[in-house]
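Engineer: Have a look at this fold, sequence not included:
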């Protein structure tokens, strides 16, 4: 693995866990066991490194979603697995990172929001395919529901919105995904959801 890629992987883990503001280039260099000079030879400053980390994160997520789409047996299976994957990634990112992006790197935060808006369109063909398969209701405005889903995800990551001391982010996200999927599924689709959610919950609890 090249030095640049190693730096991005390690810095991403630190940013996602601790946020941006509290992490310095010295912290990252020390964590990796390299000199700060070496780090600055690869990245001009912390902002450039952060932007590369976010790009790496999105590329990794997109690749995983593409793989899940290709490997899944039907639309319900695809959607459940994709949303479960998003749940895992959101748990990795955490609130400190999102809060710091809003406060100190608003231009990068806007890029993330633009990417998430683009991602909404990806799901529309999947929902239409689900209607054809008999798993998804045909009387649903999918674009509106996807926007509502995004708003709920955003609310969970806002530390002032939900009682984080009483329930974990994990619990909120599972409830959002399960209720969303059940709301758009036909009775046949809900049978499939019951089967898959048992598997997903086992995997989530292991993590």
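Structural biologist: Nice, thanks for sending it over. Keep in mind the model is a prediction, meaning the values are calculated, not measured.
Engineer: How about the contacts made by residue 3?
Structural biologist: Under the criterion of CB atoms under 8 Å, 6 or more residues apart in numbering, the contact list for residue 3 reads 34, 38, 42. For glycine as for every other residue, the C-beta is placed from the backbone atoms N, C-alpha and C.
Engineer: Could you verify my assumption that the second one touches residue 29?
Structural biologist: Yes. Between residue 38 and residue 29 there is a contact at 7.2 Å, judged by CB atoms under 8 Å.
Engineer: Which one of those two is surrounded by more residues?
Structural biologist: Relative neighbour count places residue 29 above the other of residue 38 and residue 29, with 19 against 12, counting by other CB atoms under 10 Å.
Engineer: So in the chain, which helix runs the longest?
Structural biologist: Ordering each helix of the chain by length in residues (DSSP state H) puts helix 75-104 first.
Engineer: Can you tell me the closest non-neighbouring residue to residue 115?
Structural biologist: If you skip the residues right next to it in sequence, residue 115 has residue 58 as its closest partner in space, 6.0 Å away by CB to CB, 6 or more residues apart in numbering.
Engineer: What pLDDT does the model give that neighbour?
Structural biologist: Reading off the per-residue confidence, residue 58 sits at a pLDDT of 84.
Engineer: close enough to count as contact, it and residue 116?
Structural biologist: No. With contacts counted by CB under 8 Å, residue 58 stays clear of residue 116, the gap being 9.6 Å.
Engineer: who are the neighbours in contact with the residue nearest to residue 111 when sequence neighbours are not counted?
Structural biologist: Here the nearest residue to residue 111 in space, its sequence neighbours aside, is residue 54; by CB to CB, 6+ apart that works out to 7.4 Å. Applying CB under 8 Å, 6+ apart to residue 54 gives the contacts 108, 111-112.
Engineer: Can you tell me how far the most far-flung residue of the chain relative to its centre is from residue 4?
Structural biologist: Residue farthest from the centre of the chain, counting by CA atoms, centre = their mean, is residue 37 at 32.6 Å. Taken as CB to CB, to the nearest Å, the spacing of residue 37 relative to residue 4 amounts to 15 Å.
Engineer: the helices in this protein, which residues?
Structural biologist: 3-18, 25-32, 36-42, 46-71, 75-104, 106-133, 142-157, 169-184, 187-206.
Engineer: Show me what counts as buried in the shortest one.
Structural biologist: Going back to what we said before, that points to helix 36-42. Neighbour-count burial for helix 36-42 flags 39, 42 (criterion: 16 or more other CB atoms under 10 Å).
Engineer: what residues does that helix touch?
Structural biologist: The set of residues external to helix 36-42 that reach it, using CB under 8 Å, 6+ apart, is 3-4, 7, 25-26, 28-29, 32.
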